[in-house]
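Engineer: Following is a predicted model, sequence given first.
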Amino acid sequence: MGRKCTDSDSGQAELRLEEFLPYRLSILAGRVSVSFAGIYKQRFGISIPQWRVLANLGQFAPLSAAELARHSSMDKVQISRTISKMARAGLITRQTDPDDNRALILSLSDRGQALLAQIIPLALAWEAELLSDLDEQEIALLDNLLNRLGNKVDRLSATAD
């Protein structure tokens, strides 16, 4: 990571995915997401996108669909499909934004809040198990490093725009 990798035969830069941090983070995030999904998918019948909507609305509601997309890192099409399905299931409410009649304001319904309340203890227990091989200092360091990397990505993204 952060190393210059060259192919000794050609002298050109070589990308080794197993050492390339963006790739490693993406693969790990996907594995974590799929593993954790096993907890709520089988028991409650919700998908990964539905979990993301539930969790984000549980913490940040009310949100517009655009705000939800930013919070959850989901694209607008996926957000639209997911909120439609969740509204039909009675998990979220949609109201017209009084400031913009084209936009919807999303919140969890009572049923959605009850579902989230059932999943949260399972989520926290799963997270504790995931981190159980790390001591408190390592967890604090990991948290700090993730925050620093997130802030750096934000700065890099701002300069790319």
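Structural biologist: That came in fine, so what should we check first?
Engineer: Next, S132: phi, psi?
Structural biologist: Main-chain dihedrals, S132, degrees, to the nearest 10: phi -60, psi -20.
Engineer: check contacts around I79.
Structural biologist: By CB atoms under 8 Å, 6 or more residues apart in numbering, the contact list for I79 reads 49, 53, 65, 68-69, 72. To be clear about C-beta, it is placed using only N, CA and C from the backbone, and glycine gets the same treatment.
Engineer: let's see it at 7 Å
Structural biologist: By CB atoms under 7 Å, 6 or more residues apart in numbering, the residues touching I79 are 65, 68-69.
Engineer: Which residue, other than its chain neighbours, is closest to it?
Structural biologist: Once flanking residues are discounted, I79 sits nearest to A69: 4.8 Å by CB to CB, 6 or more residues apart in numbering.
Engineer: Let me see the contact set for the one you found.
Structural biologist: A69 neighbours (CB under 7 Å, 6+ apart): 75-76, 79.
Engineer: And it, how close does it get to F36?
Structural biologist: 21 Å (CB to CB, to the nearest Å).
Engineer: One more: L122?
Structural biologist: Applying CB to CB, the value for L122 to F36 is 9 Å.
Engineer: The two - which one has more neighbours?
Structural biologist: A side-by-side neighbour count of L122 and F36, using other CB atoms under 10 Å, places F36 first with 17 against 14.
Engineer: tell me which element that one falls in.
Structural biologist: If you go by DSSP states H and E, F36 is part of helix 21-44.
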